[in-house]
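> sequence unavailable; structure follows:
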């Protein structure tokens, strides 16, 4: 299973307990998940204490495949010592997403990272 870590809920989320779901970012994230050929995944925010408990429980259960979505989520994972790969945030407002070659390159790096963690 791959755990994608976001930063905080968007006001567009259908529920604060469902990271990204209902947002334009979720459309990009699901496209990326398909390109990465991932069959088992979950998304967690890193915003609250309860979120950190969930992340730590997943990590302590033996999961080693964590992907931070953006700089803030990556910093949070660094602060608790969880090794991860950092992708750009999937928000359509992220200008890095305009460069499809960059995104394809980052997804390929992520795919290789995930293969090494199996």
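Ah, there it is. Fair warning: this is a prediction, and the values are worked out from it, not measured in the lab.
> looking at the protein, which helix or strand is least sure?
Within the chain, no helix or strand scores below helix 49-60, which has a mean of 84 by mean pLDDT, DSSP states H and E.
> which helix is the longest one in the chain?
helix 100-116 (DSSP state H).
> got the buried residues for that helix?
Neighbour-count burial for helix 100-116, counted by 16 or more other C-beta atoms under 10 Å, picks out 103, 106-107, 110, 113-114. Heads up, the C-betas are built off the backbone N, CA and C, glycines and all.
> mean confidence score for it?
For helix 100-116, mean pLDDT rounds to 96.
> what ranges do the helices span in the chain?
Per DSSP H, the chain carries helices over the ranges 24-36, 49-60, 71-79, 100-116.
> how about these, which one is nearest residue 87?
Closest approach to residue 87 among the helices of the chain is made by helix 100-116 (5.8 Å; C-beta to C-beta).
> contacts for the closest one, please.
With contact meaning C-beta atoms under 8 Å, 6 or more residues apart in numbering, helix 100-116 is reached by 2, 32, 35-38, 65, 67, 85, 87-88, 96-97.
> in strands, which of those residues fall?
Of those, the ones assigned to strands by DSSP state E are 2, 67, 85, 87.
> just the buried residues from those residues, in ChimeraX please.
Selection of the buried residues among these in ChimeraX, burial being defined by 16+ other C-beta under 10 Å:
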select :2,67,85,87
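> can you tell me which of the ones in strands among the contacts of helix 100-116 comes closest to residue 27?
residue 87 (14.8 Å).
> so what sits opposite the closest one in the bridge?
Beta-bridge pairing for residue 87 (DSSP bridges): residue 69.
> what's near enough to touch residue 117?
With C-beta under 8 Å, 6+ apart, residue 117 has these contacts: 64-65.
> possible to save the buried residues of helix 100-116 as TSV with distance to residue 92?
Listed next are the buried residues of helix 100-116 as TSV, based on distance: C-beta to C-beta, whole Å:
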residue	distance to residue 92
103	12
106	16
107	17
110	19
113	24
114	24
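> cool, thanks, talk later.
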